[in-house]
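Sharing a model that was predicted from the sequence below.
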Amino acid sequence: MTASATALANELPQAEPVFVGRDLRPLRLITCGSVDDGKSTLIGRLLWDTKAVKEDQAATLRRDSGKQNDLGLPDFALLLDGLQAEREQGITIDVAYRYFATDKRSFIVADTPGHEQYTRNMATGASTADLAVLLVDARAGILEQTRRHATIASLMGIKQFVLAVNKIDLTDYNKAGFDAIVHEFKEIALTLGVRQITAIPMSALKGENVVYSGRASMPWYDGPTLVETLEKATVRSAQSTGFRLPVQRVSRPGESFRGYQGTVAGGSVKPGDSVAILPSGAVANVKQIVTFDLVRNAAVAGDAITLVLDRQVDVSRGDMIVALDNEPQIGLAFDAQLVALQPDGIVPNKRYWLKSGSRRQRVQVKPVQKLDLKNGKWGPTEDLPMNSIGKVHLAFDEKAVFDAYEQNRSTGAFILIDPDTNNTVAGGMITAKRSDVDGLNAGEGRVLLSLPADLADQLMATELLASRRDEVEMRRVTTAAARDLLDGIEG
Ligand SMILES: Nc1nc2c(ncn2[C@@H]2O[C@H](COP(=O)(O)OP(=O)(O)OP(=O)(O)O)[C@@H](O)[C@H]2O)c(=O)[nH]1
């Protein structure tokens with residue numbers, strides 16, 4: 001907002017501030033479903049009927065789909081061909097975002113592939129979404145994949161669901177079939193604690209109940225269209241935590257200036273605020289907030305800033321600067337839920353890297369419960385195979401800083417990386433801090449050695465070190481890196 005706009009806003013009566021903000025914020029949604037449920041067709045249809053498709057794309061679409069469709073309609077899935085190319089590049093996190101708008105609101109839709117092995121992409125898309133559209137083929141009904149996606153979406157904190165019963169035209173607009181699917185889904189939703197469900201019979205292909213009403217074919221349905229539902233959905237309220245700045249970089253352009261850079265991950269901050277630096281616990285006041293070239297008088301979640309403090313304190317990459325009166329949890333042990341993403345699953349008690357924001361820490365993971373995707377019940381477990389969803393205990397080598405995911409989706413989320421392969425093996429959410437490490441070997445007192453690979457292997461082969469594997473962790477580095485480390489210690 002410009003200075004004059006701010007002044008104007010201050011003069012206006014304060015009666016409806018909520019509405020001003022609400023319409024400006026786009027609704028983020030994720031679409032999920034099994035292969036061929038019609039996800040691409042639905043997104044294509046949304047873009048087409050809201051006129052988000054540019055004229056040149058539209059001409060290509062009419063030309064390319066001319067022969068392909070027995071209904072004489074354009075193949076809306078073709079609109080997403082560009083995304084297919086993006087997918088095939090094999091980018092680690094594989095979510096494509098599309099934008100469209102009505103005169104009431106704008107939307108960002110995360111399109112994620114439907115195959116089972118793409119669960120991780122779904123989890124990524126869900127982590128920022130306000131609402132999930134779950135597609136079901138009206139002929140096939142609810143599948144295990146539907147349950148899996150609903151579960152992941154709800155674990156990722158999504159509270160609003162649209163059950164899109166698609167291809168209803170292929171069932172002759174059968175009301176009883178639609179009702180049975182809705183009934184079955186409501187039972188699943190109940191076990192997940194999801195209450196806000198809008199079920200819509202639709203034909204993405206024909207554009208019925210997507211943007212335009214399908215009443216002509218389905219006089220029995222008097223509910224909203226998909227777009228009407230999306231227009232009325234609520235955008236997640238701001239995170240309920242105080243100020244959070246995960247430090248991505250310490251900027252030191254000259255002797256006199258030291259700033260801490262990162263993207264605000266919660267709350268807001270202004271000069272004069274008292275902050276703590278975690279995990280050290282040092283305290284300081286905010287002296288200045290800088291963005292690109294501007295000095296700002298406040299910053300809020302989402303802003304990329306450089307923070308200048310009023311005194312010399314020790315801050316490094318991976319630390320978190322937080323509101324003094326509203327701090328996250330600090331500890332060695334946490335409860336979490338995660339989705340296992342790799343063929344090896346989660347290996348009990350193995351040491352992984354946990355990455356959250358710019359922080360990377362060693363952690364041991366103990367699976368304790370697994371979700372049965374057939375009946376939605378949690379049961380005890382000792383392992384978590386690929387694509388399973390589990391509750392785990394985490395034990396860190398050094399103090400970790402988190403908010404519960406419920407309170408803050410940035411500072412409560414993490415991924416696990418296998419140190420041997422560098423693969424992302426899980427995506428997870430912190431649920432609570434634990435008071436004990438549950439028999440896991442929290443690594444206080446453990447020795448970390450960074451050595452050239454051949455030397456490390458020789459040392460590990462000696463009897464002394466082989467017998468003390470739990471106490472000594474060997475990091476294999478190049479000879480040059482080892483020399484740098486030694487130089488650093490000496491100099
Ligand atoms: N009759 C009918 N056919 C539909 C409808 N929606 C999609 N289809 C057809 O179903 C097939 C699959 O649709 P897609 O949109 O490609 O499905 P998808 O879920 O995106 O599939 P993937 O991209 O492989 O995950 C296509 O031939 C569509 O034309 C619908 O509402 N009615």
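Arrived safely.

what residues are up against Val269?
Phe243, Leu245, Val275, Val286, Ile289, Ala298, Ala299, Leu307, Ala323 (CB atoms under 8 Å, 6 or more residues apart in numbering). To be clear about C-beta, it is placed using only N, CA and C from the backbone, and glycine gets the same treatment.

you'd agree Ala432 is up against Asp335?
Yes: counting by CB atoms under 8 Å, Ala432 touches Asp335, with 4.7 Å between them.

Which one's more surrounded, those two?
The neighbour count for Ala432 versus Asp335, taken as other CB atoms under 10 Å, is higher for Asp335 (17 against 14).

right, and the more buried one touches Lys391 too?
Yes: the pair Asp335 / Lys391 is scored as a contact, 6.9 Å apart, by CB under 8 Å.

quick one on the thing from earlier: give me the buried subset of the contacts of Val269.
Neighbour-count burial (16 or more other CB atoms under 10 Å) applied to these gives Phe243, Leu245, Val275, Val286, Ile289, Ala299, Leu307, Ala323.

Which ones among the residues you listed map onto strands?
Residues of these located in strands (DSSP state E): Leu245, Val275, Val286, Ile289, Ala299, Leu307, Ala323.

with the residues you listed in mind, which one is nearest to the ligand?
Comparing those against the ligand with CB to the nearest ligand atom places Leu245 closest, at 38.6 Å.

So what pairs up with that closest one in the strands?
Ile321 (DSSP bridges).

any idea how far Pro328 is from it?
Leu245 sits 12 Å away from Pro328, taking CB to CB, to the nearest Å as the criterion.

pLDDT at the residue of the stretch 351-491 of the chain found nearest the ligand, what is it?
Residue nearest to the ligand within the stretch 351-491 of the chain: Asn387 (16.7 Å; CB to the nearest ligand atom). The score at Asn387 is 78. That number is its pLDDT.

likewise Gln458?
In this prediction Gln458 is given a pLDDT of 71.

hey, where'd the helices end up in this structure?
For the chain, the helices defined by DSSP state H cover 3-11, 17-24, 39-49, 55-65, 81-88, 119-126, 144-155, 175-192, 226-232, 453-461, 463-466, 479-490.

Please give me every residue in contact with Asp314.
Per CB under 8 Å, 6+ apart, neighbours of Asp314: Ile277, Ser280, Ala282.

For these, which single residue is the most surrounded?
Ile277 (21 neighbours).

re earlier: quick one: which two of the buried ones among the contacts of Val269 are the most distant?
Ile289 and Ala323 (14.0 Å; CB to CB).

re the thing from before, joint contacts of Leu245 and Pro328?
Common neighbours of Leu245 and Pro328 (CB under 8 Å, 6+ apart) are Met320, Val322.

Least confident of the buried ones among the contacts of Val269?
Within the buried ones among the contacts of Val269, Ala299 has the lowest pLDDT, namely 90.

my guess is it meets Ile321, correct?
No: in this structure, Ala299 is not within contact of Ile321 by CB under 8 Å, at 11.6 Å.

related to what we said a few turns ago, the residue of the stretch 351-491 of the chain closest to the ligand contacts Val339, correct?
Yes: the criterion here is CB under 8 Å, and Asn387 meets it with Val339 at 7.3 Å.

the more surrounded of those two?
Using other CB under 10 Å as the criterion, Asn387 and Val339 rank with Val339 on top: 26 against 19.

What residues does Ala336 make contact with?
Lys391, Val392, His393, Leu394, Phe414, Gly428, Met429, Ile430, Thr431.

leaving aside the residues next to it on the chain, what's closest to the last one?
When you say that, I think you mean Thr431. Distance criterion CB to CB, 6 or more residues apart in numbering; nearest residue to Thr431, sequence neighbours excluded, is Asp335 at 4.7 Å.

What separation do you get for the one you found and Tyr352?
Distance of Asp335 to Tyr352, computed by CB to CB: 16 Å.

Would you mind giving the ones in strands among the buried ones among the contacts of Val269 as a markdown table with distance to Arg236 added?
Shown next, in a markdown table, are these (distance: CB to CB, whole Å):
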| residue | distance to Arg236 |
| --- | --- |
| Leu245 | 20 |
| Val275 | 25 |
| Val286 | 26 |
| Ile289 | 25 |
| Ala299 | 20 |
| Leu307 | 25 |
| Ala323 | 20 |
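
which one among these gets closest to Leu47?
Using CB to CB, Ala299 is the member of those that sits closest to Leu47, with 33.7 Å.

quick one: Arg311 from Ser274, how far?
From Arg311 to Ser274 the distance is 12 Å (CB to CB).

Oops, could you answer that again for Gly44 instead?
On the measure of CB to CB, Gly44 and Ser274 end up 51 Å apart.

Between the two, point out the one with more neighbours.
With neighbours defined as other CB under 10 Å, Gly44 and Ser274 compare such that Gly44 has more, 25 against 12.

Give me the pLDDT for the more buried one.
For Gly44, pLDDT reads 88.

Excluding chain neighbours, what is closest to Val363?
Leu354 (4.3 Å).

so what's that neighbour up against?
With contact set as CB under 8 Å, 6+ apart, Leu354 has these partners: Arg360, Gln361, Arg362, Val363, Leu394, Phe396, Ala400, Phe414, Ile415, Leu416, Ile417.

Surely the fifth one is in contact with Gly331?
Okay, so that is Leu394. No: judged on CB under 8 Å, Leu394 makes no contact with Gly331 at a distance of 9.8 Å.

shared neighbours of these two, anything?
Counting by CB under 8 Å, 6+ apart, the residues touching both Leu394 and Gly331 are Ala400.

neighbour count winner among those two?
Shown here are Leu394 and Gly331; by other CB under 10 Å, Leu394 has more neighbours (29 against 19).

List the residues that contact the nearest residue to the more buried one once chain neighbours are set aside.
Leaving out its chain neighbours, the residue that sits closest to Leu394 by CB to CB, 6+ apart is Phe334, at 4.7 Å. Taking CB under 8 Å, 6+ apart, we find Phe334 in contact with His393, Leu394, Phe396, Ala400, Phe402, Ile430, Thr431, Ala432, Lys433, Arg434.

what's the neighbour count on the nearest residue to the last one once chain neighbours are set aside?
Setting aside the residues directly before and after it, Arg434 is nearest to Ala333 in space (CB to CB, 6+ apart), at 3.9 Å. For Ala333, the neighbour count with other CB under 10 Å is 20.

One more: Gln145?
21.

same deal with the one 10 residues further on?
The number of residues packed near Leu155 is 22, by other CB under 10 Å.

residue contacts, it?
Neighbours of Leu155 in contact, by CB under 8 Å, 6+ apart: Gln337, Val339, Ile389, Met429.

Residues of the stretch 151-300 of the chain that sit close to the ligand?
Neighbours of the ligand within the stretch 151-300 of the chain, by CB under 6 Å from any ligand atom: Asn166, Lys167, Asp169, Leu170, Ser203, Ala204, Leu205.

ok, the residue nearest to the last one when sequence neighbours are not counted to the ligand distance?
Right, the one you point to is Leu205. Computed as CB to CB, 6+ apart, the closest residue to Leu205 that is not its neighbour in sequence is Thr41, at 5.7 Å. Noted for Thr41: a distance of 3 Å to the ligand, by CB to the nearest ligand atom, to the nearest Å.

Ok, Ser217 next?
11 Å.

Check the closest residue to Val235 other than its chain neighbours and give its pLDDT.
Distance criterion CB to CB, 6+ apart; nearest residue to Val235, sequence neighbours excluded, is Arg25 at 4.8 Å. Looking at Arg25, its pLDDT is 70.

neighbours around Arg25, how many?
Neighbour tally, Arg25, other CB under 10 Å: 13.

Right, I'll leave it there.
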